[in-house]
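>>> Make a model of this:
(chains A, B and C)
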Amino acid sequence: MREHASVLHIDLDAFFASVEQRDKPSLRGKPVVVGGVGGRGVVATASYEARVFGVRSAMSTREARARCPHAAFLSGRFHAYRETSRAVMGVLRELSPLVEPLSLDEAFVDLAAAGLPDLDEATVRAVGEELRARVHEVSGGLTASVGLASSKFLAKIASEIEKPDGLTVINPGTERDLLRPLNVRVIPGVGPATVERLRRSGVYTVSDLEALDEHEVVQLLGKAHGHSLHAMARGEDDRAVVPEREAKSVSVEDTYSTDVTDRELMADLLTRQAATVAGRLAKQRMSGRTISIKVRLHDFSTSSRSSTLPAPTDDAALIARTARGLLTDLDTSGGVRLLGVGVSGLADWVQEELFSDPEPPEPSDREALDRLAPVVRRPEWAPGSDVIHDEMGAGWVWGAGRGVVTVRFETAETGPGPVRSFAQDDPALHLWQPPPDDEAVARAVIPPSGT
DNA sequence: TCTGGGGTCCTAGGACCC
DNA sequence: TCTGGGGTCCTAGGACCC
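All right, here's what the predicted structure looks like:
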């Protein structure tokens, strides 16, 4: 626990809707709802004028329309939101090097790293107010709510207290009294399922939770969750403000306005999503080993399937082929409302382990390969021992499974080359007859249009 | 015609290895 | 015939957050 209220949380009020009102004066003072406008859309943000009618985030757009038919329903201009967000985050970073964005409209700032002369209440309050003014300025008139406290958890609660367009400082020492009467739902990580479990144990408020000993909470909610909730109920939270975090996955998903029943169409949709994911990976100079699909059926039940490749890839064709292979596993006969493709297990694009294990063949191996004669196609390929070879160079078979063979190419002249994928039964792939005491070696004869 | 899209983290079981 | 005990990786699902 810090001795000063040096963690700042800032939250832009009704962010998406406010940007729309900023850019379209005719919407000012009127109910605005930003979100999915189609038949299966949900509300991302409602302006305060729309909230009066009971419109809330995550509500279906259908219901929002019923509650507030005269609101403006907009699908969102993420480019504008991102730009405004960038300007605001820039202001925060002028204040302290330790800024942790949580989303486009929210961030923590560590004032202990801001080089302030003092961190007493009057100082942090003044800093918070000045920040709100600066944000108003650079964002073209948006309002923000700011909370200041001795931890992330409490700073976030603080910013809610005077929302919108307000500022609250929770002074160190007063945290527990402030928390006790609040609903357990205020604790981060307590969602509907946890609320229900706690309710069955007669726990409604933070003070109820505080009365339980740690063992009981862990029993009820599991190790990690129980531990952190027990601590937070006591106002204990020593999580640091971390400025940069590496992405762990990249994914795309789409809900269709009507359920998809045609398997071929599903395959096409997955292929397109794979291309989108591959594009994002390439843009971030990342690649990943685990390919996942997500399928939501007509009844909203959701399944996922994943497959881990031997080496990271950002290749759209390989991601697509793997994704389509994973779909084979699932019964979609009732129709599908959502499909998604994701890649996780991310690595920087050029990473040593990509090339180091198993050892790529030495250039001299290439000559050895040339002396071998092709005979038959191989029914399956052995990662790590089969070698594929064509005019691009020599490559090891990295992965084989689910109908796909991945090959990593490398030559002495060009160095490490791409990871490419082939259908396991691709007629272009030929087995080379190994010498009597040599291990199995393969050769790929790839047409120019290959992969 | 209830219920988005982008993520993160945790759990639990099985495989596999030493 | 009587069978340990970790550790790590992988998969599937669930909860949660904005």
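
>>> Residue A:334 should be in a helix, yeah?
No. Residue A:334: not assigned to a helix; according to DSSP: H, G, I helix; E, B strand; the rest coil it is coil.

>>> give me every residue that touches it.
By Cβ atoms under 8 Å, 6 or more residues apart in numbering, the residues touching residue A:334 are A:259, A:297-299. In short, each C-beta sits where N, CA and C put it, glycine included.

>>> okay if I get those as TSV plus neighbour count?
TSV is the format used below for the contacts of residue A:334 (neighbours: other Cβ atoms under 10 Å):
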residue	neighbour count
A:259	15
A:297	18
A:298	15
A:299	9
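
>>> among those, which are in helices?
If you go by DSSP state H, those have nothing in helices.

>>> filter the residues you listed by proximity to DNA strand B?
residue A:299 (Cβ under 7 Å from any atom of the strand).

>>> Please identify which of the contacts of residue A:334 is nearest to DNA strand B.
DNA strand B has its nearest neighbour among those in residue A:299, at 6.9 Å by Cβ to the nearest atom of the strand.

>>> what's the pLDDT at the closest one?
Reported pLDDT at residue A:299 in the predicted model: 96.

>>> Quick check: closest non-adjacent residue to it.
residue A:334 (6.9 Å; Cβ to Cβ, 6 or more residues apart in numbering).

>>> same deal with residue A:165?
residue A:143 (4.0 Å).

>>> give me every residue that touches the one you found.
A:12-13, A:18, A:132, A:136, A:164-165.

>>> Which ones among these lie within helices?
Residues of the contacts of residue A:143 located in helices (DSSP H): A:18, A:132, A:136.

>>> Which one (most neighbours) among those residues?
Each of the ones in helices among the contacts of residue A:143 was scored by neighbours using other Cβ atoms under 10 Å; the highest score is residue A:18's, at 28 neighbours.

>>> now that one, nearest residue through space, not along the chain?
Nearest non-adjacent residue to residue A:18, counting by Cβ to Cβ, 6+ apart: residue A:142, 5.1 Å away.

>>> again, but for residue A:89
Excluding the flanking residues, the one nearest residue A:89 by Cβ to Cβ, 6+ apart is residue A:101, at 5.8 Å.

>>> how about that neighbour, secondary structure?
strand.

>>> Relative to residue A:275, how far out is it?
Noted for residue A:101: a distance of 28 Å to residue A:275, by Cβ to Cβ, to the nearest Å.

>>> rewinding a little: any chance of the ones in helices among the contacts of residue A:143 in CSV, plus distance to residue A:267?
Output for the ones in helices among the contacts of residue A:143, formatted as CSV (distance: Cβ to Cβ, whole Å):
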residue, distance to residue A:267
A:18, 41
A:132, 51
A:136, 50
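
>>> Wait, the residue nearest to residue A:89 touches residue A:88, no?
No. Shown here, residue A:101 and residue A:88 do not form a contact pair, counting by Cβ atoms under 8 Å, at 9.3 Å.

>>> neighbour count winner among these two?
residue A:88 (25 against 18).

>>> What is the helix or strand that contains the more buried one packed up against?
Using DSSP states H and E, residue A:88 sits within helix A:78-95. Using 3 or more Cβ pairs under 8 Å, 6 or more residues apart in numbering; DSSP states H and E, the elements in contact with helix A:78-95 are strand A:7-12, helix A:15-23, strand A:99-103, strand A:106-110, helix A:121-138.

>>> Around DNA strand C, which positions in the stretch 1-150 of chain A sit nearby?
Counting by Cβ under 7 Å from any atom of the strand, the stretch 1-150 of chain A sits next to DNA strand C at A:58, A:102-103, A:105-106.

>>> Can you select the buried ones from those in ChimeraX?
A single ChimeraX command is used to select the members of those judged buried by 16 or more other Cβ atoms under 10 Å:
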select /A:105,106
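
>>> which residues of the stretch 1-150 of chain A score low on pLDDT?
Applying pLDDT under 70 to the stretch 1-150 of chain A flags no residue at all.
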